[in-house]
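Chemist: Next comes the sequence, and after it the predicted model I'd like to discuss.
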Amino acid sequence: MPDDCAPPVGESLTRAISAAIVRLYAEVYGHDRTTASTYINGDVVVCILEDILTTSEQELVAAGSASVVIDGRMAFQADREDEFSAAVEHLTLRRVVAFLSANQAAPGIACEMFFLAPVEAL
């Protein structure tokens, strides 16, 4: 984003965060059917992603191996935490001080939660 442009706010900001997180998912998992909705409440940003599972993950879940899928997803989020946080920091112009992630295999849903530094701490 050029320095002379104002950062997105309101619905534009939540849409931009959703798009950034979906892009990160697509880079790793190679499918573009994941959708996201982002909500901001004070210093907390929550991004809910749906239809996250790849075809092979869906097959693992159907075969009773959901725990394998969840373990892989947890490793993915730990590996990509810095990229997720950087995307949110870039868009909100605020520092991410904590990141939490959760996944559910059936249905394929994830939640990425970011805690931002208070505005006065900037």
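Modeler: Arrived safely, thanks for sending.
Chemist: Assess the claim that Gly108 and Asp51 are in contact.
Modeler: Yes: the criterion here is CB atoms under 8 Å, and Gly108 meets it with Asp51 at 5.9 Å. Where you see a C-beta, it was placed from the backbone N, CA and C, and this is true even at glycine.
Chemist: So for the two, which residue has more residues nearby?
Modeler: Gly108 (20 against 14; other CB atoms under 10 Å).
Chemist: Leaving out chain neighbours, which residue sits closest to the more buried one?
Modeler: Leu53 (3.6 Å; CB to CB, 6 or more residues apart in numbering).
Chemist: so who does that neighbour touch?
Modeler: By CB atoms under 8 Å, 6 or more residues apart in numbering, the contact set of Leu53 is 61, 69, 105, 108.
Chemist: Local confidence estimate at the third one?
Modeler: Predicted confidence (pLDDT) at Ala105: the value is 93.
Chemist: That one touches Ala63, doesn't it?
Modeler: No: using CB under 8 Å, Ala105 makes no contact with Ala63, being 11.4 Å away.
Chemist: Spell out the residue ranges of the strands in this structure.
Modeler: Remark: strands assigned in the chain by DSSP state E are 35-41, 44-50, 96-104, 109-116.
Chemist: For Ser65, give me the backbone phi and psi.
Modeler: Phi and psi for Ser65, reported as degrees, to the nearest 10, are phi -110, psi 40.
Chemist: circling back to that earlier point, do you know how far the residue nearest to Gly108 is from Tyr25?
Modeler: Distance of Leu53 to Tyr25, computed by CB to CB, to the nearest Å: 11 Å.
Chemist: any idea how far Arg73 is from Tyr29?
Modeler: Distance, Tyr29 to Arg73, by CB to CB: 10 Å.
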